[in-house]
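Participant: what would the 3D arrangement of this be:
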Amino acid sequence: MKSFIVVAIDGVAGSGKSTTAQNVANRLHFLHVDTGSHYRSVTVALMESNVSPEQASNPGNLNKFNLSSSISSNKSQILINGTSFPTDILRSENVNSVVSSYASIPSVRDLLFKYQRSQIELARSQNFNGLVMEGRDIGSIIFPDANLKIYLTANEKIRNHRRATDGENDKILLRDKIDSTRKVAPLVKSKDSIVIDTGKLSAEDVFSQISHLIDSL
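Facilitator: Take a look at the predicted model:
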């Protein structure tokens, strides 16, 4: 195994990206970065500033945001102007309904691109064994040279059940369609990604498969 490893985890909504990334981080001492929380945090910040998706396309509405990180255990959390937002707000139905619209805006993605890339140096500086980053464009845009690229999927019924179990009610197929058809950094499966159907495997089996892949690097 290499001395420092970058694992990119992409996939459709409700496919188990967070569970998988957390397992890798917890058990292999990797820094876990959830880019979905980045877009949700920016969405909340813009909504609190009464900036609509149309207005957010103006970079001037984003210049006031200073991005930094805090680390809790092995998870990196984004701070906007020194503030983080609680999970219940980030995962609220209100945010679920509009986050894909904000995330499709080039200026929003530009704001987060360098920040997300910088997480690799943050992980190195904190002596983690690697970085596991989850999202929709990690293997294709953020870390196209990642040591390992994973693409997670599962059928709609299983994904909807997972969302309901988590207390969330979002239209996952609509979100997938918006994210996969946007012009900037669409949700795609990189050619060199390894596809894992989490609907057919337990979380432990998924981790075991990824762990073996990491060991072989």
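Participant: what ranges does the chain have for its strands?
Facilitator: 5-11, 30-34, 67-72, 75-80, 130-135, 148-153, 194-197 (DSSP state E).
Participant: closest to S180 out of these?
Facilitator: strand 5-11 (11.0 Å; Cβ to Cβ). Every C-beta, even on glycine, is put in place using the N, C-alpha and C of the backbone.
Participant: so how far is G135 from the closest residue to M133 other than its chain neighbours?
Facilitator: Excluding the flanking residues, the one nearest M133 by Cβ to Cβ, 6 or more residues apart in numbering is V33, at 4.4 Å. V33 sits 8 Å away from G135, going by Cβ to Cβ, to the nearest Å.
Participant: low-confidence stretches in the protein?
Facilitator: Along the chain, segments meeting pLDDT under 70 span 1, 164, 166-170, 173.
Participant: wait, K149 sits on S190?
Facilitator: Yes: counting by Cβ atoms under 8 Å, K149 touches S190, with 5.3 Å between them.
Participant: neighbour count for those two, which is higher?
Facilitator: K149 (24 against 18; other Cβ atoms under 10 Å).
Participant: so who does the more buried one touch?
Facilitator: By Cβ atoms under 8 Å, 6 or more residues apart in numbering, K149 lies in contact with V7, A8, D10, I138, G139, S190, D192, S193, I194.
Participant: how about F4?
Facilitator: Taking Cβ under 8 Å, 6+ apart, we find F4 in contact with A123, R124, N129, G130, L131.
Participant: of the residues you listed, grab the buried ones for ChimeraX.
Facilitator: Buried subset of these, written as a ChimeraX selection, criterion 16 or more other Cβ atoms under 10 Å:
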select :123,129,130,131
